[in-house]
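Colleague: have a look; sequence and predicted model below, questions after that.
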Amino acid sequence: MGCSCWPGSSSKRSANKNMSKEKKNNISSNKSRPHAQTQASSDELKVCAYKTVTKEEVAKDDQLSVDVKHLNLNDDISKDGYSRNRAQPFTFEELTAATANFQSDCFLGSGGFGKVYKGFLEKTKQDVAIKQLDRNGLQGIKEFVVEVLTLSMVEHPNLVKLIGFCAEGDQRLLVYEYMPLGSLENHLYDLSPGQKPLDWNTRMKIAAGAAKGLEYLHVKLDPPIIYRDLKCSNILLGEGYHPKLSDFGLAKVGPSGDKTHVSTRVMGTYGYCAPDYAMTGQLTFKSDIYSFGVVLLELITGRKAIDNARERDEQNLVAWARPMFKDRKNFSRMVDPLLQGQYPVRGLYQALAIAAMCVQEQPNMRPAVSDVVMALNYLASQKYDPSNHVHSSRKSMPSSAMNMDDDKKPVSEHELDSC
Ligand SMILES: Nc1ncnc2c1ncn2[C@@H]1O[C@H](COP(=O)(O)OP(=O)(O)O)[C@@H](O)[C@H]1O
Ligand SMILES: [Mg+2]
């Protein structure tokens, strides 16, 4: 667990070093500067989402109090029809009580920003997950603000809900809805004895749900947002393995007008970061599609995005998978052995075809998120029944489900049709 970030931005936190200094210099800078040391924050996010926040106000040293002050804490209905529950402020005392003083029994895990505890809110009789930012960390605070701002303006069944936050003294905590099944990572790798591996149908359901969360950010939200941190540990699972995307501290407002990208410092997680973004610092919606493709590959293969315990040429999942996509004879060798052969052959080919399109080297060759959603919705609807799998897996994916030019498809229709 945790964030193993792209070399060159040694960690999420280190990439945010000198944030307040940079903020003053770069607040509205959106010029193309490959590898520029511009901060990776959503400065634009603040300005766009909260138009009443002026540049002068944001440039003040106490950025947190400015940002949090401008959060509208009332519920409202957004124009996309989802109701938005604004994050509530909590006192540190309330959160201490909720976690029995951050008792080790309540510890759920830790990541780049600090430790996560399970808590219970007496007031609302609700289980929650409380993330306490590491106070000794250098720059968790910016992600804290972006997280509160982003999650305060979004509401979707496939995005984790931020219930509240605490910004008291030097304490910074985030209070989320509790996701009882933990992260997808916990269900794909290093299973505990007796833990059942995810079956094929559940994997497709998780992929389709995660894609829907991403679609909301990319096309339904105004302004649209690039997520930048899509990975298995950020897909949390609720009852029935309902997936929700979490951790929006790196989110960034997408390019507007005729701009094709946003220039930022390269941030993200090694193994999930699109090569074009890593090389140029030019962030596009297609950077998220690449990361999604890596997650889909992990779901199919049961292999980690980066696995240093494997042979050298198998350590990087995409590098291992790409040559395998070329010949369908390889496909059955790519599937997670934990599935023990319980998968639909055609469904596997189709899922691999989608993953292959998403992880293409050229960003413009990757599909748009809505096409991915359509294709995965279709795959998730084709329930695999191990006792009757010939019939349940014979249907073709509707051509509209992958509305792409043939030359964008690394796995051809013929490959799919002949299975
Ligand atoms: N809302 C939540 N509900 C339940 N468990 C959570 C929640 N948020 C985080 N966790 C658990 O805490 C762990 C650490 O989370 P996080 O700090 O986001 O780090 P990372 O994403 O790097 O794993 C997760 O892997 C997950 O097991
Ligand atoms: Mg996380």
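Modeller: Nice, thanks for sending it over. Numbers count the residues shown, from 1 in each chain. Ligands and ions are numbered 1, 2, ... in the order given.
Colleague: tell me the pLDDT of N74.
Modeller: At N74, the model reports a pLDDT of 40.
Colleague: give the contact list for the residue nearest to G213 when sequence neighbours are not counted.
Modeller: Excluding the flanking residues, the one nearest G213 by Cβ to Cβ, 6 or more residues apart in numbering is N158, at 3.3 Å. The way it works is simple: take the backbone N, C-alpha and C, and place the C-beta from them, glycine included. Residues in contact with N158 (Cβ atoms under 8 Å, 6 or more residues apart in numbering) are 209-210, 212-213, 216, 243-245.
Colleague: out of these, which are inside helices?
Modeller: 209-210, 212-213 (DSSP state H).
Colleague: looking at those residues, which one is closest to S110?
Modeller: Checking those against S110 by Cβ to Cβ gives A210 as the nearest, at 22.4 Å.
Colleague: does that closest one touch Y241 like I think?
Modeller: No - in this structure, A210 is not within contact of Y241 by Cβ atoms under 8 Å, at 11.2 Å.
Colleague: looking at those two, which is more packed in?
Modeller: Just comparing A210 and Y241: by other Cβ atoms under 10 Å the higher neighbour count belongs to A210, 26 against 17.
Colleague: now for the more buried one: which residues touch it?
Modeller: Residues near A210 by Cβ under 8 Å, 6+ apart: 158, 230, 235, 243, 245, 292, 295.
Colleague: how about the fourth one, nearest residue that isn't a chain neighbour?
Modeller: Right, the one you point to is P243. Excluding its sequence neighbours, the residue lying closest to P243 (Cβ to Cβ, 6+ apart) is G209, at 4.0 Å.
Colleague: got it, and the third one?
Modeller: The shortest distance from I235 to any non-neighbouring residue, by Cβ to Cβ, 6+ apart, is to L184 (4.1 Å).
Colleague: likewise for the fifth one?
Modeller: Nearest residue to L245, sequence neighbours excluded (Cβ to Cβ, 6+ apart): G213, at 4.2 Å.
Colleague: who are the contact partners of that neighbour?
Modeller: 156, 158-159, 243-245.
Colleague: what about V369, how many residues nearby?
Modeller: V369 - counted by other Cβ under 10 Å - has 25 other residues nearby.
Colleague: quick check, it in contact with S287.
Modeller: No - in this structure, V369 is not within contact of S287 by Cβ under 8 Å, at 11.7 Å.
Colleague: name the residues contacting each of those two.
Modeller: If you check V369 and S287 against Cβ under 8 Å, 6+ apart, no residue is contacted by both.
Colleague: max pairwise distance over the contacts of N158: which two?
Modeller: Y216 and P243 (12.8 Å).
Colleague: which other helices and strands does the host helix or strand of R322 contact?
Modeller: Here R322, judged by DSSP states H and E, is contained in helix 317-325. If contacts are counted by 3 or more Cβ pairs under 8 Å, 6 or more residues apart in numbering; DSSP states H and E, helix 317-325 sits against helix 285-301, helix 331-334, helix 345-358.
Colleague: for PyMOL, write a command that selects the buried ones of the contacts of N158.
Modeller: Buried residues within these, by 16 or more other Cβ atoms under 10 Å, are selected in PyMOL with:
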select buried, resi 209+210+212+213+216+243+244+245
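Colleague: how about the contacts of N158 in TSV, adding distance to V345?
Modeller: Listed next are these as TSV, based on distance: Cβ to Cβ, whole Å:
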residue	distance to V345
G209	24
A210	24
K212	26
G213	28
Y216	32
P243	25
K244	30
L245	30
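Colleague: no further queries at this time; thank you.
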